[in-house]
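Engineer: here is my input; please provide its structure:
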Amino acid sequence: MFVTFILASSFKLLLLPAYRSTDFEVHRNWLAITHNLSIKKWYYEDTSQWTLDYPPFFAWFEYLLSFIAWFFDPNMLEIKNLNYQSFETVAFQRFSVIFTDLVYAYGVKECVKLSKVSQNGLLTMLLVFNVGLFYVDHIHFQYNGVMYGILLISISKMIQEKYLFSAFWFTFLINMKHIYVYLGPAYFIYLLRNYCFTKTKRKINFSVINFIKLGVIASMVFLISFLPFYDHIPQVLSRLFPFRRGLSHAYWAPNIWALYNTMDKMLVFGAKKLDISVINNSSMTGGLVQDIFHSILPNITPLYTMALTAIFILPGMVKLWNVDKKSNEFIRFLVLCGLTSFLFGWHVHEKAILMAIIPLSLLVIFDSEDAKVFLILSTTGFYSLFPLLFPQNLMILKALLLLVYANYSFYNFCKLYPLKCLKNTLPLLNLFETIYIFGFIPLFIYENFIHLILGFNLTLPFLPLMLTSIYCAIGVVYSWVIYYRNFMLK
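Structural biologist: Numbering: from 1, shown residues only. Below is the predicted model:
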């Protein structure tokens, strides 16, 4: 484990001068805000368009980092120094992500040691060298590693039946980044069923004491998080839940709404061909604050997305309720919650696919069906992150990383499940699934070469992003369908 982490960290160091997205400036700005202003102004400051919109614990995380940042370059802590990127600033922010990945490494260690199987090395490699985290954290720039580390720590405590510790770390995580609330149904049902209800030979008894303990743990974490902001909590919440940002993120994350948006555009195109008058008022790809409208299909509101997510999660909650202390089923439902919210959620970020892929990694050494879904979902999900790394000089790097990771996964799963490896198909996959995975090759070639050669970059500049979203959405939806079926029928 230690050697694996050192190798991964060494590679991350090589990525220090790589492309940095606007998220690099986002976090520099948050360092400046938390360092210079009183907490009463953190969620009001708007000098930059990249206002603080993470929960309080993450704001405190930035605050602590800012004191170390001062030793590298005090100028990065000036709020008015927008887009400031001195060498020292870049070095500090890159190093801070690598250093805080120690939390992720610890989470991996805690989960791997509990697996108690001979394939611990495979599991470690899949988690530590997760390609999505390399893309999102160490090139694009974010701090997902530390948060997924907390998630893995929470999962490990659940496996050990240390329920209060698991609840504490999950509640802590929500107060770092509120998107993880989508995983809440799995925690709520599993903790209620296995900690608050005690089973005897004759009946099941409800433990009021245990229920109160869980409530106190969760309440105290939220209280500590939000109490310093007690006099302007509505302002904090308005930053955390900006529903006017629209149905889809800056480009369409590969989910149901990517297919829905595409269908609306196709209907508009068809109507024009038939000389049918249509008001084309669609505006569906803005990453900043704006409303979302469709031209022909009904407009989707946040209420619709929440209702759909709840409808598909509820049957899984019933299934998990009937499971008696089977931690693997808890993890499976955790994956299902993450994947369902990704498919049907409001303003889904493409990076949120990791919320399903990382927990799913824990299951691949136990069940060939989970391993199969992992192969399809990880390949599709990681490819869907390619548009985040749009500079041409990253083309070979991002493709090579995915190719190496995918080959490592397919090869080792074939060794792990030899009876599932058939001739003329990829390991564990059928012919249709194999054709789909190989379909990423011509998609990549078209987007990076043919599209430019044909000059479509001038007339159809949106086409590569749309093709990526649509093609990856097919793979994600397919993975969800077979995973949902497997979970409910097992």
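Engineer: moving C-terminal of the one helix or strand I313 maps to, what's the next helix or strand?
Structural biologist: Using DSSP states H and E, I313 sits within helix 302-321. From helix 302-321 onward toward the C-terminus, using DSSP H and E, the following helix or strand is helix 327-344.
Engineer: CA atoms only for that following helix, dumped as CSV, please.
Structural biologist: Provided in CSV are the C-alpha atoms of helix 327-344 (Å, rounded to 0.1, in the frame of the first residue of the first chain):
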residue,chain,number,x,y,z
SER,A,327,-22.2,-4.6,4.4
ASN,A,328,-21.7,-5.5,0.8
GLU,A,329,-25.4,-4.8,0.2
PHE,A,330,-25.0,-1.4,1.9
ILE,A,331,-22.1,-0.6,-0.5
ARG,A,332,-24.1,-1.8,-3.5
PHE,A,333,-27.0,0.5,-2.5
LEU,A,334,-24.5,3.3,-1.9
VAL,A,335,-23.4,2.9,-5.5
LEU,A,336,-27.0,2.8,-6.7
CYS,A,337,-27.8,6.1,-4.9
GLY,A,338,-24.8,7.8,-6.4
LEU,A,339,-25.6,6.5,-9.9
THR,A,340,-29.3,7.3,-9.7
SER,A,341,-28.7,10.8,-8.5
PHE,A,342,-26.2,11.2,-11.3
LEU,A,343,-28.7,10.2,-13.9
PHE,A,344,-31.7,12.2,-12.7
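Engineer: angle of the next helix or strand after that helix against helix 327-344?
Structural biologist: Using DSSP H and E, the helix or strand that directly follows helix 327-344 along the chain is helix 354-361. Counting by axes from the mean of the first three to the mean of the last three C-alpha atoms, to 10 degrees, helix 354-361 lies at 160 degrees to helix 327-344.
Engineer: spatially central residue in the chain, please.
Structural biologist: By C-alpha atoms, centre = their mean, the chain has its centre lying nearest to A352, at 2.4 Å.
Engineer: tell me the contacts of the closest residue to it other than its chain neighbours?
Structural biologist: Nearest residue to A352, sequence neighbours excluded (C-beta to C-beta, 6 or more residues apart in numbering): F342, at 5.2 Å. C-beta coordinates here come from the backbone N, C-alpha and C atoms, glycine included. Residues in contact with F342, defined by C-beta atoms under 8 Å, 6 or more residues apart in numbering, are A253, N255, V348, A352, I353, M355, A356, V476.
Engineer: quick one, what contacts the closest residue to the third one other than its chain neighbours?
Structural biologist: Counting by C-beta to C-beta, 6+ apart, V348 lies nearest to A253, which is 4.5 Å off, once chain neighbours are set aside. With contacts defined as C-beta under 8 Å, 6+ apart, A253 is in contact with F342, V348, H349, E350, A352, I353, S384, S469.
Engineer: and for S154?
Structural biologist: So S154 contacts F165, S166, W169, F170, L173 (C-beta under 8 Å, 6+ apart).
Engineer: touching, the last one and L151? I think so.
Structural biologist: Yes: if you go by C-beta atoms under 8 Å, L173 and L151 touch, sitting 5.8 Å apart.
Engineer: find residues that contact each of the two.
Structural biologist: Y180.
Engineer: what about L37, neighbour count?
Structural biologist: L37 sits with 15 neighbouring residues when counted by other C-beta atoms under 10 Å.
Engineer: for the one 5 residues further on, same thing?
Structural biologist: Using other C-beta under 10 Å as the criterion, W42 is surrounded by 24 other residues.
Engineer: what score does T262 have for pLDDT?
Structural biologist: What the model reports as pLDDT for T262 is 87.
Engineer: can you pull the contacts of the closest residue to it other than its chain neighbours?
Structural biologist: Nearest residue to T262 in three dimensions, chain neighbours excluded: I470, at 5.6 Å (C-beta to C-beta, 6+ apart). Contacts for I470 (C-beta under 8 Å, 6+ apart) come out as P254, A258, L259, T262.
Engineer: which stretches of the stretch 101-250 of the chain have low pLDDT?
Structural biologist: 117-118, 200-202, 244, 250 (pLDDT under 70).
Engineer: show me where it has strands.
Structural biologist: 197-199, 204-206 (DSSP state E, counting those that start in this stretch).
Engineer: neighbouring strands for the last one, and are they parallel or not?
Structural biologist: Each strand pairing with strand 204-206, determined using DSSP bridges, is listed with its direction: strand 197-199 (antiparallel).
Engineer: can you list contacts of the partner strand?
Structural biologist: Against strand 197-199 from outside (C-beta under 8 Å, 6+ apart): I204, N205, F206, S207, N210, D324.
Engineer: surely the fifth one touches R193?
Structural biologist: What it means is N210. No: counting by C-beta under 8 Å, N210 does not reach R193; the two are 11.5 Å apart.
Engineer: give me the angle between the biggest helix by length in the chain and helix 354-361.
Structural biologist: Ranked by number of residues, the top helix in the chain under DSSP state H is helix 87-115. With the same axes, to 10 degrees applied, the angle from helix 87-115 to helix 354-361 works out at 40 degrees.
Engineer: pull out the buried residues from helix 87-115.
Structural biologist: 89-90, 92-94, 96-98, 100-101, 103-112, 115 (16 or more other C-beta atoms under 10 Å).
Engineer: does L401 touch V131 like I think?
Structural biologist: Yes: the criterion here is C-beta under 8 Å, and L401 meets it with V131 at 5.1 Å.
Engineer: which one's more surrounded, those two?
Structural biologist: Legend: neighbour count by other C-beta under 10 Å for L401 and V131, higher for V131 (24 against 20).
Engineer: wait, that one sits on L403?
Structural biologist: No: assessed by C-beta under 8 Å, V131 is found out of contact with L403, at 9.7 Å.
Engineer: tell me who's in contact with the nearest residue to F440 once chain neighbours are set aside.
Structural biologist: Residue nearest to F440 in three dimensions, not counting chain neighbours: Y383, with 5.5 Å by C-beta to C-beta, 6+ apart. Y383 makes contact with L402, F440, F444, T468, C472, according to C-beta under 8 Å, 6+ apart.
Engineer: try it again with 7 Å
Structural biologist: L402, F440, C472 (C-beta atoms under 7 Å, 6 or more residues apart in numbering).
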